[in-house]
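>>> Okay, structure incoming, though there's no sequence with it:
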């Protein structure tokens, strides 16, 4: 299990292209001073993904996804409270949805090594409102245990489940996020289009969840 908390930032970028967005990102948040400031407050990892067209995905061209691991909520809040960081965000995004998540206790999560030569990285995410974290986690745990062998054979590297960490004053319904990392795009597509695999998750969400698929963003993005 990874330490700390998980941050997802999905947004529509302001730049005219993904490459232009990359340049702005690397000049602001991804600059050496920006990286140093984030690390000083506990940002352990920063990855960038672009939408991967898929029949099951709501991610669209013009969006970008940041996935970060932070040591603790305080460091994250201190970082994003900084006026300079807020200004950088306005240069990158037309609209964005930053959400903080905590690892779901009791979930069936795992990380497995990649075979030699399997260097591509794809992400599949499912997010939705739930009635009870314990109930939803149990449904995912049973489904994930049964699916592990088939998913691994199709190229799954890791699977993690999270519960939304609400901001102060947030009274919305609890949410669950499932995150898969794959090294085989064909296998990922087969798995998510397999009705038997998806049927096992019925009852976990109170409404139709949002599913998205992503690919590691092309070009030299500043990551750590």
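Everything's here; your move. Predicted model, so just to flag it, every value in this text is computed and none were measured.
>>> now residue 190, what's its secondary structure?
Classification of residue 190 by DSSP: H, G, I helix; E, B strand; the rest coil places it in helix.
>>> neighbours around it, how many?
Residues contacting residue 190 under the criterion other CB atoms under 10 Å number 16. Backbone N, C-alpha and C define where each C-beta goes, glycine included.
>>> Residue 216 too?
By other CB under 10 Å, the residues close to residue 216 number 18.
>>> Let me see the confidence value for residue 200.
Confidence at residue 200, expressed as pLDDT, is 93.
>>> so it sits right up against residue 145, yeah?
No. Assessed by CB atoms under 8 Å, residue 200 is found out of contact with residue 145, at 9.9 Å.
>>> neighbour count winner among those two?
Applying other CB under 10 Å to residue 200 and residue 145 shows that residue 200 carries more neighbours, namely 17 against 12.
>>> In contact with the more buried one, which residues are there?
139, 142, 143, 146, 147 (CB atoms under 8 Å, 6 or more residues apart in numbering).
>>> Might you list the low-confidence residue ranges for this structure?
1-3 (pLDDT under 70).
>>> OK, contacts around the residue nearest to residue 224 when sequence neighbours are not counted?
Residue nearest to residue 224 in three dimensions, not counting chain neighbours: residue 46, with 5.3 Å by CB to CB, 6 or more residues apart in numbering. Taking CB under 8 Å, 6+ apart, we find residue 46 in contact with 30, 35, 38, 66, 67, 68, 222, 223, 224.
>>> Then residue 46 would be within a strand, right?
Yes. Under three-state DSSP, residue 46 falls within a strand.
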